[in-house]
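Trainee: Structure of the sequence below:
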Amino acid sequence: MTGYARHRVIVEHFALTWSEPDLEGIQQLRLVLEQLRARATEQLRPGVTTDDLLLLLVSLGHAVQITDKCRPQMWNRLLRISLDGLRADHREPLPADASSDTHRPNPDRKP
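Mentor: Numbers count the residues shown, from 1 in each chain. Got it, this is the predicted structure:
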């Protein structure tokens, strides 16, 4: 249970301070997410990376912040949609990461 409490504190701290990102905090969060992703490999959709989870967490945190006053429970809907999309029974390939070699911009290509 101590590990769970530590992970929760890191995630909550990250969510509360995201407007001023703390690079050390982000690295700690990445390590937590990597551990969680490694434990949940069989439950996660193939191809989901730690960076995917980090970006998803940031987006959900932002959604909570911007809907808190006007629609305080809207984040629950977004969370459900996000979790459903992460489930392992979704087998269709994910789009390639923009930083991968196959999707790097071609400097010779004219717009």
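
Trainee: For the chain, just list every one of the helices.
Mentor: 2-16, 23-39, 50-67, 74-86 (DSSP state H).

Trainee: Which one of those helices lies nearest to Asp97?
Mentor: Judged by CB to CB, the one of these that comes nearest to Asp97 is helix 50-67, at 7.7 Å. Where C-beta positions appear, they are placed from N, C-alpha and C, glycine not excepted.

Trainee: Mind listing what's buried along that closest one?
Mentor: The neighbour-count check on helix 50-67 (16 or more other CB atoms under 10 Å) flags Thr50, Asp52, Leu53, Leu54, Leu56, Leu57, Val58, Leu60, Gly61, Ala63, Val64 as buried.

Trainee: show me what contacts Ser82?
Mentor: For Ser82, the set of contacting residues under the criterion of CB atoms under 8 Å, 6 or more residues apart in numbering consists of Leu56, Leu60.
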